[in-house]
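1. Here's a sequence, model it:
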Amino acid sequence: MLEVKIRRVRPGVTLPYYASEAAAGLDLSAAITEPLVIHRGERHRIPTGIAIALPSRNWVGLLFARSGLAYRSGLALANGVGVIDADYRGEIMCAVINLGEEPVTVNPGDRIAQLVFMPVAAAKLVEVEQLDETERGAGGFGSTGVKSGGR
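-> All right, here's what the predicted structure looks like:
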């Protein structure tokens, strides 16, 4: 089990927790003192009231939207996935955006995102004149088709 040090940076905040026994992500709560209304298309940074220390550069914390919240209300992370580097010691903030049609109200203590820990491989970049050839080559967006079960 990965040991991650955690510190409350605001009084009375809820520490992240796994909502079920097999949950991959810890639920993060909004560390706000009053309801926050986020209108269609608006972005806000919501504090979580916590800071963490990962044990080494071989780990990263990734912030993901909560799927039910995103589906029901359209509240998503503005940056898609948030990255918490191993050397970051500040408060974890969730940049959210309302992609729905109606305003969304975030109340103090609401679960707003989830935090997943993943191993990281540091890369040593080696500059070359040419890359090896593959069947796909430089085919990018959509180049492998949209149907499943082959090409």
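2. all strands in this protein, in order from the N-terminus.
-> 5-8, 17-18, 26-29, 36-38, 43-47, 50-53, 59-65, 75-77, 82-84, 93-98, 104-106, 111-119 (DSSP state E).
3. Please convert those to TSV, extending it with mean pLDDT, mean neighbour count and distance to L131.
-> From N, CA and C alone the C-beta is placed, and that goes for glycine too. Compiled in TSV, the strands of the chain are given as follows (pLDDT from 0 to 100; neighbours: other CB atoms under 10 Å; distance: least, CB to CB, whole Å):
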stretch	mean pLDDT	mean neighbour count	distance to L131
strand 5-8	98	12	41
strand 17-18	96	12	42
strand 26-29	97	22	39
strand 36-38	98	16	44
strand 43-47	97	16	38
strand 50-53	98	18	37
strand 59-65	97	18	26
strand 75-77	95	21	33
strand 82-84	97	16	27
strand 93-98	97	20	35
strand 104-106	96	19	45
strand 111-119	97	18	26
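4. Of all the ones you listed, which one is nearest G140?
-> strand 82-84 (23.5 Å; CB to CB).
5. For the closest one, which outside residues touch it?
-> I52, L54, V60, G61, L62, L63, F64, I92, C94, A95, A113, L115 (CB atoms under 8 Å, 6 or more residues apart in numbering).
6. Rebuild these as a markdown table, extending it with distance to G142.
-> Listed next are the contacts of strand 82-84 as a markdown table, based on distance: CB to CB, whole Å:
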| residue | distance to G142 |
| --- | --- |
| I52 | 38 |
| L54 | 36 |
| V60 | 29 |
| G61 | 32 |
| L62 | 26 |
| L63 | 28 |
| F64 | 25 |
| I92 | 35 |
| C94 | 31 |
| A95 | 29 |
| A113 | 30 |
| L115 | 32 |
